[in-house]
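# Predicted model, plus sequence, below.
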Amino acid sequence: MVSAIFIIAAGLGAGFLIGLLREEQKGAAFAVALAALGFMAWVSVSWFIALASGTAQAHDIITAGTQPPFAINLRMGLAEAGLLSVITLTGLASLIYMAPALHALGRRAFAVLVILVMALSGLVLTRDIFNLFVFFELIVIATGGLVLLSDDKRAVAAGFKYLVVSQIVGILLLIGIIFTYHAGGSLNIDDIAAQPMAFTGAGLALFLLLIALIVELKPFPANGWALDIYESAHPGFSALFSAASATAALYAADKLFAAAGPDWLPLATVLGLVSFLGANLLGLAQRNDRRLLGYSSIGQIGLVLVVVGQRDILGDAYLYVAGGILFTHAVAKAGLYWISGLVPGRDLADWAVLRANPVLLFAFAAFIAMLLGLPPFAGFYAKWDLAHALTGADRLPVLGLVLLGALIEAGYLFRWFGFALKRPNPVAFPGFSTTGFAVVLVALAGGWGLGFAWGAGSVHGNLLLAAPLIFALAFLLLEPLPAWAKNILAIAGLLGWVALRAPEYDPLHLVFALVMLAGGAVILLASFTAKGERLGFYPSAMVMYAGLALLIDAQTSFQFFAAWELLTIGSYFLILRGRESEPHALSYILFSLGGAFAILAGFALASGGLQPFALENLAAIAEAGLPVAPWVFVLLALGFLTKTASVGFHIWLPGAHAEAETDVSPMVSGILLKAGLFGLWILLMHMGAQRLWGVDLTYLLVWIGALSAFLGAVLAIFQEDAKRLLAYSSISQMGYALFGLALMNHLGWLLALMFVINHYVYKSMLFLAVGGVYHRTGTKLMYKMGGLITLMPFTFVSVLVGIIAMSGVPPLSGFGGRWVFYNAIMSSEMRLPVVLIFMSGPIAFLYLFRLIHTIFLGQPKDEHRKLREAPFWLLVPQMIFVAFLIGFAVLPGMVLRKVDAYIGGHFGDEALAWSGRTITSQFGYWNPVAIMLVIGAIFVIVLALLLMMNRNAQKVKQFNIVFSAERPFKPQTTHFAWNFFAPYRKALGFLEAPHVTRFWGGITDSLHATADFTRRIYTGNGQTYAAQVLVFVVAVYLVVLGGVS
Amino acid sequence: MHLVAMAAGFALILLGLYGALTHRNILRMIVGFTLANTGVHVVLVSVGYMPGRAAPILDGAVPVGEAAARIIDPVPQALVLTAIVIGLGITALMLAYAYRLFRARGSLDIADYTELKW
């Protein structure tokens, strides 16, 4: 192993060597810098590998042949080696990335960059506080030099502001150092005795040291100077400033916090939280990409500072958690800054140029996922462990605030991604530099590598080794293939996985697996309609399906949560593909992530911080009657209710489902909603009924279910857009299922299961049918259609069968659902919700009637006369569904009987008696075959009668007015379709008032207003910034003292 | 005596910071920071001072054996030298920046450079 001192030596040596070159020898300067940084990176990485694999030991490097504290010593441990690797590799990549700009500035610029990386490395290595100061000042000088690289003239002012603040930090640092020395007689960090936080000289000295290092981390709100640098500097430098400088400064602070003792950790926690929340909140109001990234950097560093504050409870996991967040942030932020250098415009929407290069777009998405700690990246494991440590130590407010901050950050990052994918491209893409592109790719690979490494180090197993996820990610490499080939692979994969896993599932899991995965394969048949490569569709869809597959397989809370987040991410990208879906996809992901965070908190609370936590243990908590049990229930239920779009959390659904692509709508409606039901099922099965403040929570769920069923149906009847109508109807249907589950009895659960199957079938079918109509007519507005029955007969049949099934009239399977439903509510004690849910039935009939009437009956519009039937591949799955509905109506026993027995095993009763083809309950019996025969007979008789009576009827054309009383002015006027239920709207319109939308809109608006107002503290004046830093230091000191006394 | 020096040092720091925060002229701000830095240096030296002891030069007057008891603490003096050098570097860089700012805009008023904000 090469001693770490050579990292410093190589940096210094290269710096001086470049100084000796002649001014025109820029190429040589570049070569020297490249060699030096390459060497430094090689030393760091080889140390990291050796230390991580255990082949080397951490060791101290003694300088000047004298033991510390009489000489400076450097320490190379695992944390140092990791940080040095990040710093030197970022430096190396930035050197390559910035080479043209550095050339323009002259050979000295290369020296300054090398010196910066050397100083950052020194900051990490040194164990001497005065040495810390020296390296810190070197960083200031080098930063001051490199800020001038920018083309942006404003960077000069930004650099000056930075120097002003650095002067203040330097003064604080020096005074802190000298008095710490005075108190302890040593400059060595290891000799600093842990100090209580008190009004003593030594305490004040330590405070000054710590606060100086914290100010260097750009804490909110004393950080305007840093934002100006981020906004105006060369993006290559900003990458370094964010990924390397902040990382090194954070470690310097960490070293001192470790020495100062546990008394000081709350300081890190509180200041970190303030930064994380404040910076992310203010980020909401940003339109400039680099400034936004600056805000995000400050927030993330704040988050790591929070982790530093938890080092007393994290124990051995400290490096894993802090490193996971810090390294992922460094890689992702550097990558984003490097991309920003390839984007010509500075507005967030200007990132739309990335669409010219799908790889960059993918990199953008991956970096965002890394920043937010989504699986399978390293931050995800870190976030999970952090949440568990926090709940284990009862620091729930910290956890809550961290999750809130992360949600706000997700808000602006995903909004930005939506801009990039959906906004019009303002400029022609000028092409990008190949080196820049390559550097971004290196960061991307680094992020995935970190994800793999952290997964390998996780006790929960590596997500990147889970077969479904590997399969899904493989589609990234298969992107050049034509869509049909990928479609075949996807269908084969889904069916293969179900076939492989099915023997091990119990009946309940099997039903969900069949609906979600085999059902997904059926819907994918519709995707054969797509032409070309269909970039991005298959990776997103398959990540969603991978999440669903893993969700069904999940045994522990970690597996469940990871699967949950995967399916959320996949479905977000899938929904975002729709033409008008940008705002809806955003609200979907925000509700989903909010729900996911509730689930995370719920699981963490349930486990009490102990991992791994098997899902069955939820039952143990419920049985033990722990006081946390109802809270676990509330948090988990909240998370699942966001996914089933129950009333209150439903506002994302109509837009997301209606604006999605034709074959995506059935996936996210027919399949994805079931994930929420699956979660609720797991929850209720293990935890049963919980009471909070004397209220039975399942009773609350019954009400939510009934209200969702009722309001969803009411809202559906007033829609003009066919897909929106179906979307609202999903809210209603999920309400039924929730209602059934929450009844907590045998028949209720059977009802919910019937809805899982039926809703998948008829909603997928209807969405495909309506999608086919949209495909041909180009509109989803029902009043613009009419009379399509003869033009699209197959589609008509599937809509007809769909609405018969859905409305629950005999003979189709919906009737079975109704039958179980009536049996279930008759045995229920709850009157009011039962009435409510009962009423939703007829209302459902209203919107279903409207669907078939306005689209297929009446007079066709002029422009639709030459319409053809929907594309073949859209019809195939619909016809499969039609066949299934009829089959399922006749033989419900094939699925239900086993599930019935399974549920009976859970409740220990036998509510239904199965004999032959007849099912008997305490209220009566149901013989599906007989019903089918009776209805069939009636149908045949009526048809025969009609045919007989209509024998003499005369066919007329649409405008033949001989038989009508008046001449139709326009065909539209002969078909009443717009505002179809106007009378009902008069009566029930008040239910349509968007209270919930206003509520959530009010929250986001006030957040934005706060952000926009608060960010005005950054006046742009360097003196104001300096004053803010001083006020910040004094204020923190007063608060600290106030906390002590 | 050393307390007087220390008080003077802190007074200089406050004076310098006050100047740097109240004068809008960039050059005056730099002078303010230089003043504050000088204050820091005085504080540094005064911390190492011990009454009645000799300068930390080991020669005939102060034998090595008695040094620990007879000389003042040499470490702060060593530190202050480094600090002075670094302070000079930073001041030089700030002056270079002032020059560039003036060349770009013809103004040395810090309040004129607020395009970057919010």
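Structure received.
# Only C-alpha atoms from now on, for both contacts and neighbour counts.
Will do.
# Over to the closest residue to chain B within the stretch 201-350 of chain A: give its phi and psi.
Taking Cα to the nearest Cα, chain B has its nearest neighbour within the stretch 201-350 of chain A at A:Asp228, 5.8 Å off. A:Asp228 has phi and psi values of phi -60, psi -40 when expressed as degrees, to the nearest 10.
# How many residues are close by it?
Using other Cα atoms under 10 Å in any protein chain shown, A:Asp228 is surrounded by 27 other residues.
# cool, the one 4 residues further on as well?
A:Ser232: 24 surrounding residues under other Cα under 10 Å.
# So it is in contact with A:Arg154, correct?
Yes - taking contacts as Cα atoms under 8 Å, A:Ser232 lies within contact range of A:Arg154: 6.4 Å.
# Looking at chain A, which residue is nearest chain B?
Taking Cα to the nearest Cα, chain A has A:Gly1020 as its residue nearest chain B, at 4.2 Å.
# and that residue, helix, strand or coil?
Counting by DSSP: H, G, I helix; E, B strand; the rest coil, the backbone at A:Gly1020 sits in coil.
# Let me know the pLDDT of A:Arg865.
pLDDT, A:Arg865: 83.
# Kindly list the main-chain dihedrals of it?
According to degrees, to the nearest 10, A:Arg865 has phi -60, psi -30.
# A:Gln859 and A:Gly787 touch, don't they?
Yes - counting by Cα under 8 Å, A:Gln859 touches A:Gly787, with 4.7 Å between them.
# Can you tell me the element A:Thr698 falls in?
Assigning secondary structure by DSSP states H and E places A:Thr698 in helix A:697-717.
# Chain A contacts on chain B?
Neighbours of chain A within chain B, by Cα under 8 Å from any Cα of the partner chain: B:20-22, B:24, B:33, B:36-37, B:40, B:43-44, B:47-48, B:76, B:79, B:86, B:89-90, B:93-94, B:97-98, B:100-101, B:110-111, B:113-118.
# In contact with A:Lys255, which residues?
A:Lys255 is in contact with A:Ile189, counting by Cα atoms under 8 Å, 6 or more residues apart in numbering or on different chains.
# what's around the spatially closest residue to A:Lys161 that is not a sequence neighbour, how many residues?
If you skip the residues right next to it in sequence, A:Lys161 has A:Gly1022 as its closest partner in space, 4.8 Å away by Cα to Cα, 6 or more residues apart in numbering or on different chains. For A:Gly1022, the tally of surrounding residues (other Cα under 10 Å) stands at 28.
# Kindly list the longest helix within the chain.
No chain specified, so I'll use chain A. What stands out as the longest helix in chain A, according to DSSP state H, is helix A:746-777.
# Chain B, not that one
The residue-count maximum for a helix in chain B (DSSP H) belongs to helix B:75-105.
# Output the contacting helices and strands for that helix.
Here helix B:75-105 touches helix A:129-147, helix A:155-184, helix B:26-48, going by 3 or more Cα pairs under 8 Å, 6 or more residues apart in numbering or on different chains; DSSP states H and E.
# ok, now with 7 Å
helix A:155-184, helix B:26-48 (3 or more Cα pairs under 7 Å, 6 or more residues apart in numbering or on different chains; DSSP states H and E).
# what comes up buried for the first one?
When you say that, I think you mean helix A:155-184. Neighbour counts over helix A:155-184 (16 or more other Cα atoms under 10 Å in any protein chain shown) mark A:155-183 as buried.
# Tell me what angle that helix forms with helix B:26-48.
Computed by axes from the mean of the first three to the mean of the last three Cα atoms, to 10 degrees, the angle separating helix A:155-184 from helix B:26-48 equals 10 degrees.
# Helix A:155-184 - what's its average pLDDT?
On average, the pLDDT along helix A:155-184 is 92.
# got the angle between it and helix B:75-105?
On the basis of the same axes, to 10 degrees, helix A:155-184 is oriented at 170 degrees to helix B:75-105.
# Please identify which helix or strand holds the closest residue to A:Glu479 other than its chain neighbours.
Leaving aside its sequence neighbours, A:Glu479 sits nearest to A:Leu535 (Cα to Cα, 6+ apart; 6.3 Å). A:Leu535 belongs to no helix or strand when assigned by DSSP H and E.
# For A:Leu535, grab the count of nearby residues.
Applying other Cα under 10 Å, we find 16 residues neighbouring A:Leu535.
# So it sits against A:Leu477, correct?
No - the criterion here is Cα atoms under 7 Å, and A:Leu535 misses it with A:Leu477 at 11.1 Å.
# Write out the residues of chain A neighbouring chain B.
A:137, A:141, A:156-157, A:160, A:163, A:167, A:171, A:175, A:178, A:182, A:228, A:1015-1016, A:1018-1023, A:1027 (Cα under 7 Å from any Cα of the partner chain).
# so what's residue 118 up against?
Defaulting to chain A. A:Met118 makes contact with A:7-8, A:11 under the criterion Cα atoms under 7 Å, 6 or more residues apart in numbering or on different chains.
# nope, chain B
Remark: with contacts taken as Cα under 7 Å, 6+ apart, B:Trp118 is in contact with A:1015-1016, A:1018-1019.
# In ChimeraX, select just the buried ones from those residues.
The buried subset of the contacts of B:Trp118, as determined by 16+ other Cα under 10 Å, is captured in ChimeraX by this line:
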select /A:1015,1018,1019
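# Output the contacts of B:Trp118 in TSV; the columns should cover distance to A:Leu360 and pLDDT.
Shown next, in TSV, are these (distance: Cα to Cα, whole Å; pLDDT from 0 to 100):
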residue	distance to A:Leu360	pLDDT
A:Arg1015	31	90
A:Arg1016	33	89
A:Tyr1018	32	90
A:Thr1019	34	90
